[in-house]
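*Asks:* coords please:
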Amino acid sequence: MTVISWLSAVPTRLREQANLRIRAAAGLTQDPPDPCLDPREAYLPVDGVARLVHGDISSMMIGGLASLFFEMLHPHTMAGVAQHSRYQDDPLGRVLQTANFIGFTTYGSKSRAADSIERVRAIHQGVRGVADDGVAYNAGDPHLLGWIHCAGTDMFLTAFQRYARATLTSDEADRYVEEMAIVARDLGGETPPTNVAELKAVLEGFRPELRLSADAVTARDFVARGVLEGAVQKLLYRLLVRSAFDLQPPWAQTMLGVRRRPLLNQFIIRPATRVVARALRVAVPPTTRVNGRG
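*Replies:* The predicted structure follows:
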């Protein structure tokens, strides 16, 4: 009997307990917000692609790790994290803050999303300083916000396409980027891309600014090592980290100092991660669209 079939056969109460443990291990110690189902009140479309993508915990976990590694490559973004964040003291707390923001903006009402966005904008006002290259930075800089937005959008989309139950069509992928642009504009980012081609072009345009700073090396090693206890949890986390690195474009993996192993990734890492992702979906079912698609 496979892990997936075993999970499917266990009683509902045990699956609920597994749900809680998986969410807690990922730093999600609070119940997800109730979704706003009124099209007139919802911040993002109730039948949109973002709710589908962000409702798959397995691909979101991998995409979240991948976006962290990707975002580290901008030295000014990394300087802000290193100088103003307590990520090493409370890593799961930072994950929870990010998850709450994604939840409120993806599934919440316009008012709830606005409150969450305003809270982030207020925090950004105090995150400023000088990076290791002597250049001043501030987290509210529309250019830096654009980098964070595009790096995260790309990694979440790529993770969903590789590890979710069903892939998106090219039109649906473009719609996801377009929906995410709404959040980016309200956060104060530069003119965000509204389709996949534009997204890839913007990321390519950032390449001359990117490098692995000393702060990024520290953060990369800390995130790659993880904070989970227990042999099984550590093994699964290492698998997700390896999958997160594998999502990066080749040039980003090289810049991160990650050894590329295409055969290992193709024949071991990806198949093993798909099994884990399917098992996670049994315990934590993904969301579906209001119209029943997904």
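*Asks:* CA atoms for contacts and neighbours, from now on please.
*Replies:* OK.
*Asks:* nearest to the spatial middle of the chain, which residue is it?
*Replies:* Closest to where the C-alpha atoms of the chain average out (C-alpha atoms, centre = their mean) is residue 64, at 2.6 Å.
*Asks:* quick check, pLDDT for it.
*Replies:* pLDDT for residue 64: 95.
*Asks:* before we move on, what about residue 229?
*Replies:* 86.
*Asks:* how about residue 93?
*Replies:* Reported pLDDT for residue 93: 76.
*Asks:* before we move on, what about residue 26?
*Replies:* 48.
*Asks:* cool, residue 29 as well?
*Replies:* For residue 29, the model assigns a pLDDT of 53.
*Asks:* residue 55 now?
*Replies:* Note on residue 55: pLDDT of 94.
*Asks:* wait, what's in contact with it?
*Replies:* Counting by C-alpha atoms under 8 Å, 6 or more residues apart in numbering, residue 55 makes contact with 286-288.
*Asks:* do residue 210 as well
*Replies:* Here residue 210 is in contact with 73-75 (C-alpha under 8 Å, 6+ apart).
*Asks:* one more time with 6 Å
*Replies:* By C-alpha atoms under 6 Å, 6 or more residues apart in numbering, the contact set of residue 210 is 73-74.
*Asks:* so how far is residue 57 from it?
*Replies:* In this view, residue 210 and residue 57 are 29 Å apart by C-alpha to C-alpha, to the nearest Å.
*Asks:* which is the next helix or strand following the helix or strand of the chain with the lowest mean pLDDT?
*Replies:* The least trusted helix or strand in the chain, going by mean pLDDT, DSSP states H and E, turns out to be helix 12-25, with a mean of 48. For helix 12-25, the succeeding helix or strand toward the C-terminus, using DSSP states H and E, is helix 49-53.
*Asks:* what are the contacting residues of that following helix?
*Replies:* Here helix 49-53 has contacts from 176, 288, using C-alpha under 6 Å, 6+ apart.
*Asks:* run the chain-centre distance for it.
*Replies:* 13 Å (C-alpha atoms, centre = their mean, to the nearest Å).
*Asks:* any figure for the gap between the residue nearest to residue 116 when sequence neighbours are not counted and residue 39?
*Replies:* Counting by C-alpha to C-alpha, 6 or more residues apart in numbering, residue 116 lies nearest to residue 101, which is 6.2 Å off, once chain neighbours are set aside. Using C-alpha to C-alpha, we find residue 101 at a distance of 20 Å from residue 39.
*Asks:* so these two - more neighbours on which side?
*Replies:* residue 101 (19 against 12; other C-alpha atoms under 10 Å).
*Asks:* what stretches of the stretch 151-294 of the chain score poorly on pLDDT?
*Replies:* 289-294 (pLDDT under 70).
*Asks:* quick one, helices of it?
*Replies:* In the stretch 151-294 of the chain, the segments counted as helices under DSSP state H, counting those that start in this stretch are 170-187, 196-206, 214-225, 231-247, 250-256, 262-264, 270-283.
*Asks:* just so I know, which of the ones you listed lies nearest residue 158?
*Replies:* helix 231-247 (6.8 Å; C-alpha to C-alpha).
*Asks:* what count of nearby residues applies to the residue lying closest to residue 158 once chain neighbours are set aside?
*Replies:* Once flanking residues are discounted, residue 158 sits nearest to residue 247: 6.8 Å by C-alpha to C-alpha, 6+ apart. For residue 247, the neighbour count with other C-alpha under 10 Å is 23.
*Asks:* cool, the one 5 residues further on as well?
*Replies:* Using other C-alpha under 10 Å, residue 252 has 20 neighbouring residues.
*Asks:* so what's it up against?
*Replies:* Neighbour list for residue 252: empty [criterion: C-alpha under 6 Å, 6+ apart].
*Asks:* now do residue 284 against residue 59, distance only.
*Replies:* Taking C-alpha to C-alpha, one finds residue 284 at 12 Å from residue 59.
*Asks:* next one: residue 128
*Replies:* From residue 128 across to residue 59, the span is 32 Å (C-alpha to C-alpha).
*Asks:* also residue 288?
*Replies:* Residue 288 sits 15 Å away from residue 59, taking C-alpha to C-alpha as the criterion.
*Asks:* kindly report the same for residue 178.
*Replies:* Distance from residue 178 to residue 59, by C-alpha to C-alpha: 20 Å.
*Asks:* more neighbours: which of these two?
*Replies:* Using other C-alpha under 10 Å, the more surrounded residue of residue 178 and residue 59 is residue 59, with 30 against 20.
*Asks:* residues touching that one, list them.
*Replies:* Here residue 59 is in contact with 159-160, 163-164 (C-alpha under 6 Å, 6+ apart).
*Asks:* perfect, I'm done here.
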